[in-house]
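**Q** Any chance you can model this:
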Amino acid sequence: MTDTDIRTVGGDAARGAGKRPAALRMSVELPLWRALTGYRILTLVYTLGLVGLSYRKYEHPLGAAAYMGALTVWMLLTWRRTTSAERCTRRFLVADLGFAVGGILLTPLVDTHARIMDGAPTLPSIWTAGAVLGFAIKGGWRWAAVASSAVAVANLLERQELARDTVHNVVLVWVASVAIGYVVEVARASERTLARALQIEAATRERERLARDIHDSVLQVLAMVQRRGAEIGGEAGELGRMAGEQEVALRTLVSSGLVPPQREPVPAGTAEAAQAAGAVPPAPCAVSPETPGEPCDVRALLAPYANAGVTFSEPGAPVVLPAAAAAELTAAVGAALDNVRVHVGAGARAWILVEDEPDAVIVTVRDDGPGIPEGRLADAEREGRLGVALSIRGRLRELGGSADWISVPGQGTEVELKVPKGVAPGDGGRGKVNA
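**A** Numbering: from 1, shown residues only. Have a look, this model is predicted:
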């Protein structure tokens, strides 16, 4: 794994403001690579000293000297390989481990059997651990386990018995390398988490800065245009209404990043003009017969309903349902808003609240109208007006969910739409729909 680059985000806005985004380079691995390089150099010097002091005790001292000479040349040519993860390749690690294992297996050919049985060190001695640690830092504990196991087998073949000191050294190298490899993996995961946290913090700070700037300028102007347009009326009133919708869109952008799609201008006085106050359905969420279960963020579908007369409140995290279920829930919300406009009036205020429960998604639509008289919904269904029965109840029933109306005369109406998670149209029939 290469050194981790953590760069603060918000760079596009910073570049737009003529600022250069700050860059912070961090790596928990870099000190480990430097320590490994130092370890390999120091242990080479130590190993050369051991072989030099025992030179005359070897059965074939020239063989020992030849190996140490080859090891020294190898170190001179490759010492920079362990200074960073980019330079330390798999091919190098395998070759380095080959030098260590080869030195261990060469020891019985150049040393006496008596010295080996007395516990004399192998030719590479403790330099071998450096090769294993390279695997641990580069690939984690699994690579370390493989490399240390190869060294263990070589040591057992060199000694040709399970001597206590041999087993002790083998276990020590295996445990130490695996532990270091595991620590490296944990450090990498922590570093990635820190990088993500810094990115989120930088993005949040940039969004707050944009929100302040927009609030101090654009939103105040749009709010003033909306108020003045409502006072003047006529074409100015239509302009004020459009300014109010843009104000809501900007507030949605700076608060959650969900931007309602732009609507086409609707001429005043037409049938579509009434829908422009909030009835325009949002863009579909990639629903198709082949992929009805694709995940979809309900917030993105409901956000376009927000306007000057409809307040939209949402959780900070995505509210996910299968795409087909999310589309049906959105259509039910649209039908509830249609009822608000038809029965309460164009000037009614409405509120949409999205709640993400562990087992269900709940959307509440509330208005400030006069409320529904008791029994009125049942009477409307008997009279053949099936807007509530089909557009709302029917959709929720297909999803196995429920639709509840709470209405007090003079205090408005609240519709609670509940959809269980993990369902799509056609899976329903399990939920109970209450009036």
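**Q** mind showing which ranges of the stretch 101-250 of the chain have poor pLDDT?
**A** Applying pLDDT under 70 to the stretch 101-250 of the chain flags the ranges 162-163, 211-217, 219.
**Q** mind listing the helices for it?
**A** According to DSSP state H, counting those that start in this stretch, the stretch 101-250 of the chain carries its helices in the segments 113-117, 128-139, 141-159, 164-214, 220-232, 235-256.
**Q** Deepest in the core, which of those helices is it.
**A** helix 128-139 (a mean of 25; mean count of other C-beta atoms under 10 Å). Using the backbone N, CA and C atoms, a C-beta is placed for each residue, glycine as well.
**Q** and of the helices of the stretch 101-250 of the chain, who's closest to residue 91?
**A** Evaluated with C-beta to C-beta, these place helix 128-139 nearest to residue 91, the distance being 11.6 Å.
**Q** hmm, who's touching the closest one?
**A** Contact partners of helix 128-139, identified using C-beta atoms under 8 Å, 6 or more residues apart in numbering, comprise 1, 29, 32-33, 36, 39-40, 43, 82, 85, 88, 90, 93, 96-97, 99-101, 103-104, 122, 143-144, 146-148, 151, 173, 176-178, 180-181, 184.
**Q** How about stretch 350-365?
**A** The contact list for stretch 350-365 (C-beta under 8 Å, 6+ apart) reads 278, 298-299, 302, 305-306, 309-315, 317, 319, 321, 329, 333, 336-337, 340, 366-368, 401, 414-421.
**Q** For it, C-alpha coordinates in CSV please.
**A** This file holds the C-alpha atoms of stretch 350-365, laid out as CSV (Å, rounded to 0.1, in the frame of the first residue of the first chain):
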residue,chain,number,x,y,z
ALA,A,350,-48.3,22.0,4.1
TRP,A,351,-45.4,20.2,5.8
ILE,A,352,-43.7,17.0,4.7
LEU,A,353,-41.7,15.1,7.4
VAL,A,354,-39.6,12.0,6.5
GLU,A,355,-38.6,9.6,9.3
ASP,A,356,-36.2,6.6,8.9
GLU,A,357,-37.2,3.9,11.4
PRO,A,358,-35.2,0.6,11.7
ASP,A,359,-37.9,-1.4,9.9
ALA,A,360,-39.9,1.2,8.0
VAL,A,361,-40.0,4.6,6.3
ILE,A,362,-42.6,7.0,7.6
VAL,A,363,-43.7,10.1,5.7
THR,A,364,-46.1,12.5,7.3
VAL,A,365,-48.0,15.2,5.3
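**Q** Could you pull up the mean pLDDT of that stretch?
**A** For stretch 350-365, the mean pLDDT works out to 91.
**Q** Tell me how far that stretch lies from the chain's centre.
**A** Put simply, stretch 350-365 sits 24 Å off its chain's centre (C-alpha atoms, centre = their mean, to the nearest Å).
**Q** what do you get for stretch 347-355?
**A** Centroid separation for stretch 347-355 versus its chain: 31 Å, with C-alpha atoms, centre = their mean.
**Q** Flag every buried residue along that stretch.
**A** Residues of stretch 347-355 classed as buried under the neighbour-count rule (16 or more other C-beta atoms under 10 Å) are 348, 350, 352-354.
**Q** Tabulate the helices of the stretch 101-250 of the chain in JSON lines, adding columns for distance to residue 58.
**A** Formatted as JSON lines, the helices of the stretch 101-250 of the chain follow (distance: least, C-beta to C-beta, whole Å):
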{"stretch": "helix 113-117", "distance to residue 58": "8"}
{"stretch": "helix 128-139", "distance to residue 58": "18"}
{"stretch": "helix 141-159", "distance to residue 58": "14"}
{"stretch": "helix 164-214", "distance to residue 58": "19"}
{"stretch": "helix 220-232", "distance to residue 58": "89"}
{"stretch": "helix 235-256", "distance to residue 58": "75"}
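**Q** Can you read off the pLDDT for residue 435?
**A** Reported pLDDT for residue 435: 35.
**Q** no wait, residue 1
**A** Value listed for residue 1 in the pLDDT field: 41.
**Q** So for stretch 34-42, what gets flagged as buried?
**A** 36-37, 39-40.
**Q** Tell me which of those fall in helices.
**A** Using DSSP state H, 36-37, 39-40 are the members of the buried residues of stretch 34-42 that sit in helices.
**Q** Pull stretch 95-112 out as PDB, backbone CA atoms only.
**A** Output of stretch 95-112 as PDB, limited to C-alpha atoms (Å, rounded to 0.1, in the frame of the first residue of the first chain):
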ATOM      1  CA  ALA A  95      14.300 -12.300  -3.400                       C
ATOM      2  CA  ASP A  96      15.100 -10.900   0.000                       C
ATOM      3  CA  LEU A  97      13.400 -13.800   1.800                       C
ATOM      4  CA  GLY A  98      15.300 -16.100  -0.600                       C
ATOM      5  CA  PHE A  99      18.600 -14.700   0.600                       C
ATOM      6  CA  ALA A 100      17.600 -15.300   4.200                       C
ATOM      7  CA  VAL A 101      16.200 -18.900   3.700                       C
ATOM      8  CA  GLY A 102      19.200 -19.700   1.400                       C
ATOM      9  CA  GLY A 103      21.600 -18.700   4.200                       C
ATOM     10  CA  ILE A 104      19.800 -20.800   6.700                       C
ATOM     11  CA  LEU A 105      19.900 -23.900   4.500                       C
ATOM     12  CA  LEU A 106      23.500 -23.200   3.600                       C
ATOM     13  CA  THR A 107      24.600 -23.200   7.300                       C
ATOM     14  CA  PRO A 108      24.900 -27.100   7.600                       C
ATOM     15  CA  LEU A 109      27.200 -27.100   4.600                       C
ATOM     16  CA  VAL A 110      29.700 -24.700   6.000                       C
ATOM     17  CA  ASP A 111      29.500 -25.200   9.700                       C
ATOM     18  CA  THR A 112      30.200 -28.300  11.900                       C
END
